[in-house]
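Participant: turn this into a model:
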Amino acid sequence: MSDRDLPTPRIPDPDAPVRPSALVIPAVADPPLTERRPWLERAAITDAVAVPGTDTPLYVAEDGVAVTTTGIGKSDAATTVTALLAAPGVDLSSAYVVSTGIAGGPPDRTALGSVVVADAIVDWDRKHRWDRGDADASPADDDPADRIDLLAYRPRDYVHRLEPRLVERAQSVAASVDLRSDDAVRASQRQYPDAPAAGPTVETGTSVCGDEFWHGRERAREVAWLCEAYGVAPFLATQMEDAATATALERFDRLERYLSVRAVANYDRPAPGQSAAESFDGTDASRELAIDNAARAAGAVVDDLVAADPLGLDS
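Facilitator: The predicted model follows:
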């Protein structure tokens, strides 16, 4: 669907607010990361609202599912989600909220194209990072605890544990979806000797959110250490928005209706013989596969939530 086919965004009306049954928030609309496109194509878009503070207009489909993009990173996501929650012309009191799109991941945990339903979201940026170990130690020999630590002043752990009933239901629904596989992506995956031999699967686990575009084995060791320190290891996915989205929803007492359903588009470190530059973004095929599988799984989850309303939001 091109932008020419979409309704012209209107100013929201506080006296007749948009009241979606679900809010879907991928990060990006523009190529090559067309995470929004599958949601504009799955049902006829009947309304569009220009909400001040959002990244893109809020598009509402005939099935009651609304979609907008957060933008990339935590500040963009927090701004967009807060704007929607506070807008007098938008009523999210009956809406389930689902982050979806692509993610990174460790090669020893998931196949490329696999879907991760998050049960915990870790904020990677809330930590200490310092040089306090042996100055002569090489990065391969030292311990991540010599470089990072939990914040000394920490009113709470920077982990959002998502509503178990919703996570379990989403996992069950997503597991019934026929995920797509791709021979070219499987060939890329085989460059990693510790990667799974199978194709994409649906998994539940920790998703790590950070504004830093990190890549490499040593950074991955640090991420693993932080997750272990919080008691939510191992991590399965990495992304840049979901901790901010969860924080905004928590501030508005809406965290219990939140899910993150993402697909792994690239691994978080190079394969043997690769440079970081060669491996950082994955491939066009792996991104397209992840966008497709994320939309397939999250679409089934959203349809189930809207039909069943397991938390009774619409009562």
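Participant: please save the CA atoms from stretch 15-23 in PDB.
Facilitator: Only the C-alpha atoms of stretch 15-23 are listed here, as PDB (Å, rounded to 0.1, in the frame of the first residue of the first chain):
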ATOM      1  CA  ASP A  15     -15.500  14.700  21.700                       C
ATOM      2  CA  ALA A  16     -15.300  11.600  19.500                       C
ATOM      3  CA  PRO A  17     -11.900   9.900  20.300                       C
ATOM      4  CA  VAL A  18     -10.400   7.100  18.300                       C
ATOM      5  CA  ARG A  19     -10.900   3.900  20.400                       C
ATOM      6  CA  PRO A  20      -8.800   1.100  18.900                       C
ATOM      7  CA  SER A  21      -9.000  -2.400  20.200                       C
ATOM      8  CA  ALA A  22      -5.200  -2.900  19.700                       C
ATOM      9  CA  LEU A  23      -2.300  -0.600  19.100                       C
END
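Participant: may I see the buried residues of stretch 23-41?
Facilitator: 23-29, 33-40 (16 or more other Cβ atoms under 10 Å). In short, each C-beta sits where N, CA and C put it, glycine included.
Participant: give me the residues contacting that stretch.
Facilitator: Here stretch 23-41 makes contact (Cβ atoms under 8 Å, 6 or more residues apart in numbering) with 1, 6, 56, 59, 61, 65-72, 76-77, 80-81, 84, 92, 95-102, 239-241, 245, 284, 287, 291-292, 294-295, 298-299, 302.
Participant: repeat that with 7 Å
Facilitator: Applying Cβ atoms under 7 Å, 6 or more residues apart in numbering, the contact partners of stretch 23-41 are 1, 56, 59, 65-72, 84, 92, 95, 97-102, 241, 245, 284, 287, 291, 295, 298, 302.
Participant: return the distance of that stretch from the chain's centre.
Facilitator: 12 Å (Cα atoms, centre = their mean, to the nearest Å).
Participant: what about it, how long is it end to end?
Facilitator: End-to-end distance for stretch 23-41, by Cα to Cα, to the nearest Å: 15 Å.
Participant: returning to that earlier point: restricted to helices, list the buried residues of stretch 23-41.
Facilitator: Among these, the ones falling in helices (DSSP state H) are 37, 38, 39, 40.
Participant: from those residues, which is closest to residue 113?
Facilitator: Top of the list for closeness to residue 113, among these and by Cβ to Cβ, is residue 38 at 14.5 Å.
Participant: from residue 195, how far out is that closest one?
Facilitator: 26 Å (Cβ to Cβ, to the nearest Å).
Participant: in helices only, show me the contacts of stretch 23-41.
Facilitator: Among the contacts of stretch 23-41, the members falling in helices (DSSP H) are 84, 245, 284, 287, 291, 295, 298, 302.
Participant: tell me the two of those that are most distant?
Facilitator: 84 and 284 (31.5 Å).
Participant: identify, from the buried residues of stretch 23-41, the entry nearest to residue 269.
Facilitator: Looking across the buried residues of stretch 23-41 and measuring by Cβ to Cβ, the closest to residue 269 is residue 33, at 20.7 Å.
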